[in-house]
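J.: pasted the sequence and its predicted model underneath.
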Protein chains: 2
Amino acid sequence: MEDTSCHPELDPRVEALVTDVIGRVADKWTMIVLEALTQHPVLRFTELVREVTGISQKMLTQTVRAMERDGLLVRTVHPVIPPHVDYRLTDLGHTLSEAFCGVWTWAETNIDRIERARQDFDTRKIR
Amino acid sequence: MEDTSCHPELDPRVEALVTDVIGRVADKWTMIVLEALTQHPVLRFTELVREVTGISQKMLTQTVRAMERDGLLVRTVHPVIPPHVDYRLTDLGHTLSEAFCGVWTWAETNIDRIERARQDFDTRKIR
DNA sequence: TCCATAACTCTCCTTTTGGTAAGTACCGAA
DNA sequence: TTCGGTACTTACCAAAAGGAGAGTTATGGA
């Protein structure tokens, strides 16, 4: 049998903080940007736009800013014309990427099960 | 050195599916409900409301329905009055919980670093 | 007769999210 | 002199998220 819980929290103040961090970090775009920067250690803005399918410039700007603020990546501005900015993960970013790795793997291995569960659920609702 | 990437995707169709699943599952409330049901294997609706601090009834209903549809939990209705419904994770739910465990741990161990990074960032922006 | 109970569901309303498109800054090249 | 390239920022707008609170259901108990 597996372990029941992985974090036996006691202090509700800490609990709230952790929950807050999870809420911030458990975000679609953040995870995808993280993954992109894990596969390609250094990326410029336009490269990220291309890499992260479907993201708009605005969302990407917001996402990388928030990630920079949280210390997940560093944004390096080269003061040249035309502008050149590149992004790479910090150690903190790398550790999060590793931590989240399990979820990517889980998603990959379980796509079919989820698909089937959804179909079952939907057909069950019809009849 | 750690491994660069944890999922060397090739097929962009699969990639899109996985990304979609991540988008669905990498959600604050989903993760917190998952955690609550990991710590307390069986919970009723009102118990979940109490357990998941800050969630509204509406959000909880939506979240557990989506999770049921994805096959992460089972919802058992006992046809009595007053109603009695309880929720417990499926195997799939348990495996996701385990996969996500790493992220909880990461959040717990890195709260201070994140806090500091934020303060640094914010003060840097002021001056 | 009226209330309490559990698990919603529904409506109304505000806030947030996120997209599109245009603008900006700068310089070298055509 | 206008264009192109880069990394944004801003304004505007539509859609979705999400909260508050009342209503619903049926029944056993006071």
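T.: Nice, thanks for sending it over.

J.: surely residue A:33 and residue A:65 touch.
T.: No: judged on C-beta atoms under 8 Å, residue A:33 makes no contact with residue A:65 at a distance of 11.2 Å. Using the backbone N, CA and C atoms, a C-beta is placed for each residue, glycine as well.

J.: more neighbours: which of the two?
T.: More crowded of residue A:33 and residue A:65, by other C-beta atoms under 10 Å in any protein chain shown: residue A:33, with 27 against 13.

J.: mind checking how far that one is from residue B:87?
T.: 33 Å (C-beta to C-beta, to the nearest Å).

J.: what's the answer for residue A:48, then?
T.: 39 Å.

J.: what do you get for residue A:43?
T.: Residue A:43 is 41 Å from residue B:87, by C-beta to C-beta.

J.: tell me which parts of chain A are close to DNA strand D?
T.: Neighbours of DNA strand D within chain A, by C-beta under 7 Å from any atom of the strand: A:44-47, A:57-58, A:61, A:64-65, A:75, A:81-86.

J.: most neighbours among those, please name it.
T.: Per-residue neighbour counts (other C-beta under 10 Å) across the residues of chain A next to DNA strand D peak at residue A:64, which has 22 neighbours.

J.: identify the residue nearest it in space, chain neighbours excluded?
T.: Distance criterion C-beta to C-beta, 6 or more residues apart in numbering or on different chains; nearest residue to residue A:64, sequence neighbours excluded, is residue A:87 at 6.1 Å.

J.: hey, which helix or strand in chain A has the poorest pLDDT?
T.: Lowest on mean pLDDT, DSSP states H and E among the helices and strands of chain A sits helix A:12-25, with a mean of 81.

J.: could you export the next helix or strand after it as PDB, CA atoms only?
T.: Where DSSP states H and E defines the elements, the next helix or strand beyond helix A:12-25 is helix A:28-39. Extracted C-alpha coordinates of helix A:28-39, given in PDB (Å, rounded to 0.1, in the frame of the first residue of the first chain):
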ATOM      1  CA  LYS A  28      -1.100  25.800 -17.100                       C
ATOM      2  CA  TRP A  29       1.100  28.400 -18.800                       C
ATOM      3  CA  THR A  30       3.700  28.400 -16.000                       C
ATOM      4  CA  MET A  31       4.100  24.700 -16.300                       C
ATOM      5  CA  ILE A  32       4.400  24.800 -20.100                       C
ATOM      6  CA  VAL A  33       7.000  27.600 -20.000                       C
ATOM      7  CA  LEU A  34       8.900  25.700 -17.400                       C
ATOM      8  CA  GLU A  35       8.900  22.700 -19.600                       C
ATOM      9  CA  ALA A  36      10.000  24.700 -22.600                       C
ATOM     10  CA  LEU A  37      12.900  26.100 -20.700                       C
ATOM     11  CA  THR A  38      13.800  22.700 -19.400                       C
ATOM     12  CA  GLN A  39      14.100  21.400 -22.900                       C
END
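
J.: other SSEs contacting the helix or strand just after helix A:28-39?
T.: With elements assigned by DSSP H and E, the helix or strand that comes after helix A:28-39 is strand A:43-44. Secondary-structure packing of strand A:43-44 (3 or more C-beta pairs under 8 Å, 6 or more residues apart in numbering or on different chains; DSSP states H and E): strand A:84-89.

J.: the strand it packs on to helix A:28-39, inter-axis angle?
T.: Using axes from the mean of the first three to the mean of the last three C-alpha atoms, to 10 degrees, one finds that strand A:84-89 and helix A:28-39 are set 90 degrees apart in direction.

J.: quick one: mean pLDDT for strand A:84-89?
T.: Strand A:84-89 shows a mean pLDDT of 96.

J.: what does stretch A:63-70 give?
T.: On average, stretch A:63-70 scores 95.

J.: can you tell if that stretch touches DNA strand C?
T.: No: figure legend: stretch A:63-70 not in contact with DNA strand C (C-beta under 7 Å from any atom of the strand); closest approach 8.2 Å.

J.: mind listing what's buried in that stretch?
T.: For stretch A:63-70, the neighbour count (16 or more other C-beta atoms under 10 Å in any protein chain shown) marks A:63-64, A:66-70 as buried.
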